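**Student:** Next comes the sequence, and after it the predicted model I'd like to discuss.
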2 protein chains.
Amino acid sequence: MRFVLAAGTTRTAAIEGISAAGADADLMVHTPSADAEVLAYGDTVRAPSVPVSPTGCPTPAVVTRAVRDLVGFDLTVVDGGLAKNTAAPTVTVGARPGDDIREEDPVPTAPGAFAAARQFGRALPDDELVIGETVPGGTTTALGVLTALGEEVGVSSSLPENPIERKRDVVDEALAVNGLTPGELSGEPAYAARYAGDPVLATVAGLTVGALRSDTPVTLAGGTQMLAAAALVRHADVDAPLALATTSFVAEDEGVDLDGAADAFDLDLTVTDPGFDESDHVAMERYVAGEAKEGVGMGGALSLADRTGVSMERVRNRIAAVYDGLLGERNGSGSP
Amino acid sequence: MRFVLAAGTTRTAAIEGISAAGADADLMVHTPSADAEVLAYGDTVRAPSVPVSPTGCPTPAVVTRAVRDLVGFDLTVVDGGLAKNTAAPTVTVGARPGDDIREEDPVPTAPGAFAAARQFGRALPDDELVIGETVPGGTTTALGVLTALGEEVGVSSSLPENPIERKRDVVDEALAVNGLTPGELSGEPAYAARYAGDPVLATVAGLTVGALRSDTPVTLAGGTQMLAAAALVRHADVDAPLALATTSFVAEDEGVDLDGAADAFDLDLTVTDPGFDESDHVAMERYVAGEAKEGVGMGGALSLADRTGVSMERVRNRIAAVYDGLLGERNGSGSP
């Protein structure tokens, strides 16, 4: 099993009120690079800080790293359009940072990244892939892609109160600027990612199509962004079995019909509840309050822990330890 | 423990008769990219083939990968000037492919790569680093660096008959073209790599200086190229303890005074004999005949196996299995 993280950026994240994947807009552009370092090394190396939301919710990379410490999986980070240099080793597929989707042709590298990622996914010798993502603003671009494909699926949010009306306005404007109507890019996944999405979605979809075409089982690890990736895969005419593993926080989100979407895209769905409500550690409390919910392959990592017999209690203890090592002292909440 | 592989190229390798790190000059330029893929995935992914010498000696990457299969260490590949795209994830330090050292200013990126690698090595949170290299032609550029620093140390070869006179001629010409006399760059490691070396040596030396400056123990995994890297580190005024782990093939090379060099650079020397003469497998027979000898961290990997209690018999069996999976069928010499 190999865990692949597609890490990249879209300037859509800088739209006021869209994303909580960083303490502020200046730091958010570092989030994917920092997430990759936390997964690769257990700490930031070149990134300025460990990503936290404005209210202090730590990046889900803390959760995925904690599971990696316990389970020990191989990691490959693919540069899905990083805006900042990362010390995590990355594979290149030609993706460049995405523009705000309200600009013309916001992701010109999407078709190339889709093709290169497809070739990479096809050539990988692994017996199984679990694919996660980190891209602030990604639920908005996911809505863009789903709309362009003509799929009516709600999307989640890293904020407790989903700014869904704001997202719909952004997507409407994006389609208008790019001369598109909803559903017009049905069957055109690379173009849906190019004109209404982000470079990470193009990368994840390409990887998945390539792996499935060479009979490598794939689990998309994430929430509504991975539903958009699954939609792109299905619109590439790939009907091989495909799994999606996410968290109970996404499953409980009333704005998302997860079961309906899994049915629509023929996904084998796994939902894992990490039992954060049984902890009173600061690393987990903002998740219980509805923040973050998913990201950096968190749901897939939790399901890997589950299927390898690692209890959620051990996972929570490890999350607390990773958090304390990374953020505890700086926040004055560290345990010794 | 983290195993770091610095992978890059120098056009010095294209000089007739200098290197056996590839079946021919056209393929040799792919060798470091392919070696990185073999280490990362256990197979080539984007590279056209698994590197073999003109006589069929497989790349030492086969040995290091076999040990990785048995011991399970973390791997980070640093792009030390790759000429060909690799599917292995890489960390960027700004190194570009090196020119033939008989050209003016053959490695202009060496000082920048040295500095960026130093910063990366300093920031890595690991408790220990083992650093290997893959750069065809690297023993010639190692001789160049040692000469520019004023260190009289013989270098080894990937060929059974070391073309040492040819190498000395190349180095003499390199120093003349760049207006240098032997020893003129004593105390100037980044410039020695720039004017008489290759980008991989600059990267390895920078990584080592950075790690040692933050009290992370380092083992240089390799033969005479790593002696040159150690010389660069000492000429950077770093006198912290430093280890070198290599193979018995380098130790037995009469052209190299390994003990003398280890003394001169104050290195804690480990020599591991993989007992290839006890095998009659094609993967190992060319090593017994004096080819390859080292590379891709082979000596360091063997010593890792040794210190974690993995017998050389198990290592040899695994090497045979890796070879058969990668090259056996194509060569018609595979075991079932």
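**Tutor:** Noted; the coordinates are in hand. Numbers count the residues shown, from 1 in each chain, chains lettered A, B, ... in the order given.
**Student:** Please name the residues that touch residue A:290.
**Tutor:** Residues near residue A:290 by Cβ atoms under 8 Å, 6 or more residues apart in numbering or on different chains: A:160, A:249. Where you see a C-beta, it was placed from the backbone N, CA and C, and this is true even at glycine.
**Student:** what helix or strand does it sit in?
**Tutor:** Secondary structure from DSSP states H and E places residue A:290 outside every helix and strand.
**Student:** So for whichever residue of chain A sits closest to chain B, what's the pLDDT?
**Tutor:** Distances between chain A and chain B by Cβ to the nearest Cβ are smallest at residue A:89, namely 3.6 Å. As predicted, residue A:89 sits at a pLDDT of 98.
**Student:** Not counting sequence-adjacent ones, nearest residue to it?
**Tutor:** Once flanking residues are discounted, residue A:89 sits nearest to residue B:89: 3.6 Å by Cβ to Cβ, 6 or more residues apart in numbering or on different chains.
**Student:** number of nearby residues for the residue of chain A closest to chain B?
**Tutor:** Neighbour count of residue A:89, defined by other Cβ atoms under 10 Å in any protein chain shown: 25.
**Student:** need the contact list for it.
**Tutor:** So residue A:89 contacts A:40, A:77, B:76-78, B:88-91 (Cβ under 8 Å, 6+ apart).
**Student:** among those residues, who's most crowded?
**Tutor:** Of those, with other Cβ under 10 Å as the count, residue B:78 tops at 31 neighbours.
**Student:** Surely it is in a strand?
**Tutor:** Yes: membership of residue B:78 in a strand is supported by DSSP: H, G, I helix; E, B strand; the rest coil.
**Student:** That one contacts residue B:91, doesn't it?
**Tutor:** Yes: contact criterion Cβ atoms under 8 Å: residue B:78 and residue B:91 qualify, at 4.7 Å.
**Student:** Identify the contacts common to the two.
**Tutor:** A:89, B:120.
**Student:** Next, the residue nearest to residue A:89: phi, psi?
**Tutor:** With angles defined as degrees, to the nearest 10, residue B:89 sits at phi -60, psi 140.
**Student:** just for chain A, where's the confidence low?
**Tutor:** A:329-336 (pLDDT under 70).
**Student:** Tell me the secondary structure of the most centrally placed residue in it, please.
**Tutor:** With distances taken as Cα atoms, centre = their mean, the residue of chain A nearest its centroid is residue A:133 (3.1 Å). Of the three states, residue A:133 takes strand under three-state DSSP.
**Student:** about what we covered before: closest one to residue A:138 out of the contacts of residue A:89, please.
**Tutor:** Checking the contacts of residue A:89 against residue A:138 with Cβ to Cβ, the nearest one is residue A:77 at 16.1 Å.
**Student:** still on that earlier bit, can I get the contacts of residue A:89 in CSV with distance to residue B:254?
**Tutor:** Output for the contacts of residue A:89, formatted as CSV (distance: Cβ to Cβ, whole Å):
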residue, distance to residue B:254
A:40, 42
A:77, 45
B:76, 35
B:77, 33
B:78, 33
B:88, 35
B:89, 40
B:90, 36
B:91, 37
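**Student:** For stretch A:268-280, buried residues please.
**Tutor:** A:270-272, A:274-276, A:279 (16 or more other Cβ atoms under 10 Å in any protein chain shown).
**Student:** Now tabulate the residues you listed in TSV and tack on distance to residue B:228.
**Tutor:** Formatted as TSV, those follow (distance: Cβ to Cβ, whole Å):
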residue	distance to residue B:228
A:270	52
A:271	55
A:272	51
A:274	50
A:275	54
A:276	52
A:279	52
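**Student:** near chain B at all, stretch A:58-67?
**Tutor:** No: against chain B, stretch A:58-67 shows no contacts by Cβ under 8 Å from any Cβ of the partner chain, the least distance being 11.8 Å.
**Student:** Then stretch A:215-234?
**Tutor:** No: judged by Cβ under 8 Å from any Cβ, stretch A:215-234 stays clear of chain B, getting no closer than 12.4 Å.
**Student:** For the stretch 1-150 of chain A, which segments are assigned as helices?
**Tutor:** If you assign secondary structure with DSSP state H, counting those that start in this stretch, the helices in the stretch 1-150 of chain A sit at A:25-28, A:31-41, A:61-71, A:110-123, A:138-149.
**Student:** Can you name the residues in contact with the shortest one?
**Tutor:** With contacts defined as Cβ under 8 Å, 6+ apart, helix A:25-28 is touched by A:13-14, A:19, A:21-22, A:48-49, A:51, A:136.
**Student:** Alpha carbons of the helix or strand in which residue A:321 is found, as PDB, please.
**Tutor:** Element membership of residue A:321 [criterion: DSSP H and E] is helix A:312-323. Extracted in PDB, the C-alpha atoms of helix A:312-323 (Å, rounded to 0.1, in the frame of the first residue of the first chain):
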ATOM      1  CA  MET A 312      -9.000   4.700  17.900                       C
ATOM      2  CA  GLU A 313      -7.800   5.200  21.400                       C
ATOM      3  CA  ARG A 314      -4.200   4.600  20.400                       C
ATOM      4  CA  VAL A 315      -4.800   6.900  17.400                       C
ATOM      5  CA  ARG A 316      -6.100   9.700  19.700                       C
ATOM      6  CA  ASN A 317      -3.200   9.300  22.100                       C
ATOM      7  CA  ARG A 318      -0.800   9.500  19.200                       C
ATOM      8  CA  ILE A 319      -2.600  12.600  17.800                       C
ATOM      9  CA  ALA A 320      -2.200  14.300  21.100                       C
ATOM     10  CA  ALA A 321       1.500  13.500  21.200                       C
ATOM     11  CA  VAL A 322       2.100  14.700  17.600                       C
ATOM     12  CA  TYR A 323       0.100  17.900  18.400                       C
END
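**Student:** What is it packed up against?
**Tutor:** Helix A:312-323 is packed against helix A:61-71, helix A:282-288, helix A:298-307, with contacts defined by 3 or more Cβ pairs under 8 Å, 6 or more residues apart in numbering or on different chains; DSSP states H and E.
**Student:** Take these and write them to TSV, including mean neighbour count.
**Tutor:** Output for the helices and strands packed on helix A:312-323, formatted as TSV (neighbours: other Cβ atoms under 10 Å in any protein chain shown):
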stretch	mean neighbour count
helix A:61-71	25
helix A:282-288	20
helix A:298-307	25
